[in-house]
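Novice: With the sequence up front, the predicted model follows.
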Amino acid sequence: MTDHPTATTPGPEAGAADPGPSVAQLDTIVSLSKRRGFVFPSSEIYGGINAVWDYGPLGVELKNNVKRAWWRAMVQDRDDIVGLDAGILMAPQVWVTSGHVASFSDPLVECGTCHRRYRLDELPGAENLTQTELRDPTIVERLNLRCPIDQGRLSAPRRFNLMFKTHMGPVEEDANEVYLRPETAQGIYVNFRNVRESSRKKVPFGIAQIGKAFRNEISPGNFVFRMREFEQMEMQYFVKPEDAAAHFEAWMPRRRAWYERYGVDPERLRFREHRPDELAHYAKKAVDVEYRFPFGWKELEGIHNRGDWDLGRHQEATGENLEYFDQATGEHFVPWIVETSAGADRAAFTFLIDAYREEEVRGETRVVLGFHPDLAPYKVAVLPLLKKRPEIVELCHRIRDDLKRDVMAVYDDTASIGKLYRRQDEIGTPYCVTVDVDSLEDRAVTVRDRDSMEQVRVPVEGIRRYILDRLEEARSAG
Ligand code: GAP
């Protein structure tokens, strides 16, 4: 089964008061994303393609910053985890061995009248069915489930495999079929021995990877929440079997803390453990980090104890030895895997939603994206108070050129200063630097803080250091 759709399944923290979403209407985020250039519908001038979204100039900066923050936490800051970038296309047998060909499917039902297709466990009245019930051919009839659009009769459920197929090479025949990977994890497992031998890492150690994954979702939706092409940030931690449970417990708070550190309100995060009948085919235990989206509590990231399912199966299928030899104890064993599996799009979406706020300032509504500075698309905007004074504009460009060596810095003179500040607030730029007439005399500029709106005067020569120090402070905090 793929990431689970239920919004309200009880979890360890269920029962606590619902904090409500950061933004009441998803449309607020969708329209801001389009208007300001975070996310666009894919192929829009051709009428669009369902469940694929494109990242605009600000969106690509945000998502790159999210991926950098994850890589920093998972690889750069740790001695025990190394990176990998494996191919999207893999030997098709990988997906047979991994169980995806047989089991990576969702229950599909079709309306006999309008022929719309639904994922059974997302239909009203079927959200909490067990895996056994979802496979029961009589379930639709027994529960009298109907098409939510026209009340038509629904078919009995059939399993629908979510993997996309394509052909390798110039001949389109079955023998040349390959899959677009539905998870990045398998690229890590098949490289386990290569990475271990070349990096000389000792168990416990991890391999991290960020990359595209593809799923032919039956019911994608909620903007970038569930797409057919998306990006994952996955880390596989290889451990001694008897230590797997303890490593699992240790990764849970680390992963939750990562979202909090980058600004997500702790009240809107919770853990939810999968019921035994809900577990994916590879999992011995699974806990989701859930976020309170505007459309309910939903999975943000999955933490899985995969046991020796993956390495064990690949070893059996290939005849290659994937065991680990522990020199200290003289033991040979197939390592167990604790996986942390996050979506880059879902994480960026979460940071975007949680950063959104509206404030009353002098009788007007100010929209602010209060991003952590590490995630903000632009770190600083350099603005002229008077764009008609060439000396002011020239000084702005000098300051911007100096800053852009280190950070994303932009120049904007397309509106009055008040409007320029509001525009930067709305895209989450932490600092605005304004050059005014006095700057030409006193060689100082005004730096405005996005959140407090406080302004300080800083010498032109010290501006780069000032901005870099503020950004460093934000990174070191928490
Ligand atoms: N390797 C394990 C695995 O793939 P998963 O729970 O199916 O586990 C992990 O997916 C994460 O990938 C999810 O928590 C979610 O953030 C992201 N994800 C999964 N399907 C997605 C989709 N259709 N669109 C966007 N993100 C998705």
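Specialist: Yes, it's here.

Novice: how about the residues of the stretch 201-350 of the chain near the ligand?
Specialist: Contacts of the stretch 201-350 of the chain with the ligand, taken as Cβ under 6 Å from any ligand atom, map to 215, 217, 226-227, 230, 232, 234, 299-302, 339, 341-343, 345-346. Just so you know, the C-beta spots here come from the backbone N, C-alpha and C atoms, and that holds for glycine as well.

Novice: domains of this structure?
Specialist: 26-87+179-352, 378-477 (automatic domain parsing).

Novice: and the gap between the closest residue to Leu89 other than its chain neighbours and the ligand?
Specialist: Using Cβ to Cβ, 6 or more residues apart in numbering and skipping the chain neighbours, the partner closest in space to Leu89 is Val178 (5.2 Å). From Val178 across to the ligand, the span is 19 Å (Cβ to the nearest ligand atom, to the nearest Å).

Novice: And the spatially most central residue of the chain, how far from Asn64?
Specialist: Here the mean C-alpha position of the chain is nearest to the C-alpha of Ala344 (Cα atoms, centre = their mean), at a distance of 2.5 Å. Note on Ala344: its distance to Asn64, by Cβ to Cβ, to the nearest Å, is 9 Å.

Novice: Sketch out the strands for the stretch 251-400 of the chain, chain order is fine.
Specialist: Using DSSP state E, counting those that start in this stretch, the strands of the stretch 251-400 of the chain run over 269-273, 285-293, 296-307, 324-326, 331-333, 336-343, 356-361, 364-369, 380-384.

Novice: Let me know the pLDDT of Ile207.
Specialist: At Ile207, the model reports a pLDDT of 98.

Novice: I'd say it and Asn194 touch.
Specialist: No. Using Cβ atoms under 8 Å, Ile207 is not in contact with Asn194; the gap is 10.0 Å.

Novice: and the closest residue to Ile467 other than its chain neighbours, what is it in contact with?
Specialist: Using Cβ to Cβ, 6+ apart and skipping residues adjacent in sequence, the residue nearest Ile467 is Val380, 5.5 Å away. Each residue near Val380 by Cβ atoms under 8 Å, 6 or more residues apart in numbering is listed here: Leu403, Val407, Met408, Ala409, Val410, Thr429, Pro430, Tyr431, Cys432, Val433, Ile467.

Novice: Now these in a markdown table, please, with extra columns for secondary structure.
Specialist: Shown next, in a markdown table, are these (DSSP: H, G, I helix; E, B strand; the rest coil):
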| residue | secondary structure |
| --- | --- |
| Leu403 | helix |
| Val407 | coil |
| Met408 | coil |
| Ala409 | strand |
| Val410 | strand |
| Thr429 | coil |
| Pro430 | coil |
| Tyr431 | strand |
| Cys432 | strand |
| Val433 | strand |
| Ile467 | helix |
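
Novice: so which of these comes closest to the ligand?
Specialist: Nearest to the ligand among the contacts of Val380: Met408, at 25.5 Å, using Cβ to the nearest ligand atom.

Novice: Pull up the gap between the residue lying closest to the closest one once chain neighbours are set aside and the ligand, please.
Specialist: Among residues not flanking Met408 along the chain, Tyr378 sits closest, at 4.8 Å (Cβ to Cβ, 6+ apart). Going from Tyr378 to the ligand by Cβ to the nearest ligand atom gives 26 Å.

Novice: With Arg200 instead?
Specialist: Arg200 is 26 Å from the ligand, by Cβ to the nearest ligand atom.

Novice: That residue and Gln186, how far apart?
Specialist: From Arg200 to Gln186 the distance is 23 Å (Cβ to Cβ).

Novice: When these two are compared, which one has more neighbours?
Specialist: Gln186 (23 against 7; other Cβ atoms under 10 Å).

Novice: Quickly find the element holding the more buried one.
Specialist: helix 185-190 (DSSP states H and E).

Novice: Show me what counts as buried in the following helix or strand past that helix.
Specialist: Later in the chain than helix 185-190, the nearest helix or strand by DSSP H and E is helix 192-199. Neighbour-count burial for helix 192-199, counted by 16 or more other Cβ atoms under 10 Å, picks out Phe192, Arg193, Val195, Arg196.

Novice: which pair in these spans the largest distance?
Specialist: Arg193 and Val195 (7.5 Å; Cβ to Cβ).

Novice: Quick one: residues contacting the residue of the chain found nearest the ligand.
Specialist: When distances are taken as Cβ to the nearest ligand atom, the chain reaches nearest to the ligand at Gly343, 2.5 Å away. Taking Cβ under 8 Å, 6+ apart as the criterion, Gly343 is in contact with Phe230, Glu231, Gln232, Met233, Leu300, Glu301.

Novice: again, but for Gly169
Specialist: So Gly169 contacts Asn176 (Cβ under 8 Å, 6+ apart).
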